[in-house]
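Participant: quick one, fold the following:
(one chain, ligands or ions: 1)
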Amino acid sequence: MSRETALRVLIACRTNGAWADAALQAQIKRAALSRRDAALCSRLVYGVLQNQLLLDFYIGTYCSQRPDHLQPPLQDILRLGAYQILYLEKVPDSAAVNSSVELAKHMKRGQAAGLVNAVLRKLSQNKDRLPAIPDQDEAKYLSIRYSHPKWLVKRLLPILGRTETEVFLACGNTQPPITAQINTCRTTAERTAEALAVEGVRAEAHPWMPACLLLSGTGDLEHVEAFQSGSFYIQDPAARLSVMASGIKPGERMLDVCAAPGGKSFAAAIQMGDRGTVLACDIHQNKLKRIHDGAARLGLQSIETTAVDGRIFRAEWEGRFDLVLVDAPCSGLGIIRKKPDIRYKKLDSLFAMPVIQRAILDNAARYVRPGGTLLYSTCTILPEENEEVSDGFLSEHPEFLMTPFTLPEPIGTCNGRMTLWPHRHQTDGFYICRMTRRP
Ligand SMILES: C[S@@+](CC[C@H](N)C(=O)[O-])C[C@H]1O[C@@H](n2cnc3c(N)ncnc32)[C@H](O)[C@@H]1O
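Facilitator: The predicted model follows:
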């Protein structure tokens, strides 16, 4: 059942543009998989997505047809089989081959099962002497080796250089830690860790982020008492760092323009000791419920929600906020570890982003009071959506200037803007730019 469910998820991602995490959740529930089967299913889906280009390279070596000319479900079946043979030591090759042949039989295409059998058997026979990836073209080599699209590798090479690009790409295929941010309005990290231990969840203090725990052995956290009672919420340190950089204080008024599902609004309300106002907005009315439910669970009274398009001016908000946060919609290339399928999204949708980001920033800036703060952030690492957007904004808005901020060591003081990188900071890839409206 795990393999069939994994196949359904991969097909949904490819044909309906579904996100793997949401499709996984839905399909695991639909198939009513046990905890163990669900874990294998997740491992298969994430493993295939993280290694897709490399798997295709090996499949192509042993297949009489070009893999991209095969019927798409057949490609997915071959990738699932190849992943098990090359990466899952506990699955015997025979089981990987036979289960893949069974999946192909369900396709009711005569030759599909035979082809899957032939390709996977050859792969299994040769797995200790796999062909070398051609390395004449550096970007192509790295793209296949680490299964990241070639266009992204080409963009990264001049920014990071060869060695660091390789480290970044390898990091993109690792499992990110699960980090709990403590609701310090309610409890402490120590008490939360003790409560989690009682329920079998291991928690250790984050090496440098205050009031933050690294979790393992979590399973489904929603059933854990410490979660239900609002002791913490799950958020990467990078996201909380952006709120720390804003310097929001108790009693202030904050507007979170692109707020759903609410992580930064929660971080801000907690940083303010739940005193003041956080107006959490999103263009999608249906997403506000997540913010509302999260705030209720955490017992945060200072958060209000409303649906708005951040590009459209609301006269009643002009100059009214101490802090306006634009955590803009973006390509998400900084969270490839969590969402491996982001790397395969169409380029045109990614590069439409800067126009939307700038439109939201230009409009939201009008809501900042004189002397107040405008914080622009994204969970991506490319300058097109980061420095180029904030620099473009600053060059046309002389009433704003970039202002330094200080974050916990080892990050320290930043000169107004910074990019966090997964391989350097062990956080999500993230951009923070802090600007102040001249008084
Ligand atoms: C990066 S996510 C925000 C994450 C959130 N700040 C958090 O920390 O949980 C971007 C959000 O912007 C919203 N969005 C997209 N276009 C928008 C617009 N024109 N106005 C307001 N929100 C928008 C999306 O619905 C999405 O929820």
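
Participant: contact partners for the residue most central in space within the chain?
Facilitator: With distances taken as C-alpha atoms, centre = their mean, residue 335 lies nearest the centre of the chain, 3.2 Å away. For residue 335, the contact set (C-beta atoms under 8 Å, 6 or more residues apart in numbering) comprises 236, 342, 379, 428-429. All C-beta atoms are positioned from the backbone trio N, CA, C, and that covers glycine.

Participant: identify the farthest-apart pair in the residues you listed.
Facilitator: Within these, 236 and 342 form the most distant pair, 14.7 Å apart (C-beta to C-beta).

Participant: show me which residues of this structure sit near the ligand.
Facilitator: Within the chain, the positions adjacent to the ligand are 239, 257-264, 282-284, 287, 309-311, 327, 329, 360 by C-beta under 6 Å from any ligand atom.

Participant: which of those residues fall in helices?
Facilitator: 239, 263-264, 360 (DSSP state H).

Participant: what's near enough to touch the closest residue to the ligand within the stretch 1-150 of the chain?
Facilitator: Residue of the stretch 1-150 of the chain nearest the ligand, by C-beta to the nearest ligand atom: residue 19 (13.0 Å). For residue 19, the contacting residues are 13, 339, 341, by C-beta under 8 Å, 6+ apart.

Participant: and with 10 Å instead?
Facilitator: Counting by C-beta atoms under 10 Å, 6 or more residues apart in numbering, residue 19 makes contact with 12-13, 25, 332, 339, 341-342, 345.

Participant: filter those down to the buried ones.
Facilitator: By neighbour count, with 16 or more other C-beta atoms under 10 Å, those hold 12-13, 332, 339, 341-342, 345 as buried.

Participant: show me the strands in this protein, by range?
Facilitator: Along the chain, the segments classed as strands by DSSP state E run 178-182, 202-205, 212-216, 232-234, 253-256, 277-282, 303-307, 321-327, 368-378, 400-402, 405-407, 412-414, 417-420, 430-437.

Participant: run the chain-centre distance for the fourth one.
Facilitator: If I follow you right, that is strand 232-234. 16 Å (C-alpha atoms, centre = their mean, to the nearest Å).

Participant: could you do the first one as well?
Facilitator: Relative to its chain's centre, strand 178-182 lies at 15 Å (C-alpha atoms, centre = their mean).

Participant: could you check the angle that strand makes with strand 212-216?
Facilitator: Orientation check (axes from the mean of the first three to the mean of the last three C-alpha atoms, to 10 degrees): strand 178-182 against strand 212-216 gives 140 degrees.

Participant: avg pLDDT for strand 178-182?
Facilitator: Per-region confidence: strand 178-182 scores 96 on mean pLDDT.

Participant: can you list the strands that that strand pairs with?
Facilitator: Sheet pairing for strand 178-182, assigned by DSSP bridges, gives strand 212-216 (antiparallel), strand 232-234 (antiparallel).

Participant: pick the most buried one from those strands.
Facilitator: Highest mean neighbour count among the strands paired with strand 178-182 (mean count of other C-beta atoms under 10 Å): strand 232-234, with a mean of 22.

Participant: what's that one in contact with?
Facilitator: Outside strand 232-234, the residues that touch it by C-beta under 10 Å, 6+ apart are 178-184, 186-187, 189, 192, 195-196, 203, 211-213, 215, 218, 221, 224, 226-227, 240, 261-263, 266-267, 270, 294-295, 297-298, 300.

Participant: restricted to buried residues, select these in ChimeraX.
Facilitator: Only the buried entries of those go into this ChimeraX selection, using 16+ other C-beta under 10 Å:
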select :178,179,180,181,182,183,184,186,187,189,192,195,196,203,211,212,213,215,218,221,224,226,227,240,261,262,263,266,267,270,294,295,297,298,300
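
Participant: helices and strands around the longest helix that the chain contains, which ones?
Facilitator: Longest helix of the chain, by residue count under DSSP H: helix 35-62. When contacts are defined as 3 or more C-beta pairs under 10 Å, 6 or more residues apart in numbering; DSSP states H and E, helix 35-62 packs onto helix 2-15, helix 20-31, helix 72-87, helix 110-125, helix 138-146.

Participant: determine how far the last one lies from the middle of the whole chain.
Facilitator: Just to be clear, that refers to helix 138-146. Here the centre of helix 138-146 is set off from its chain's centre by 22 Å, with C-alpha atoms, centre = their mean.

Participant: cool, the fourth one as well?
Facilitator: Averaged C-alpha coordinates place helix 110-125 at 35 Å from its chain's average position (C-alpha atoms, centre = their mean).
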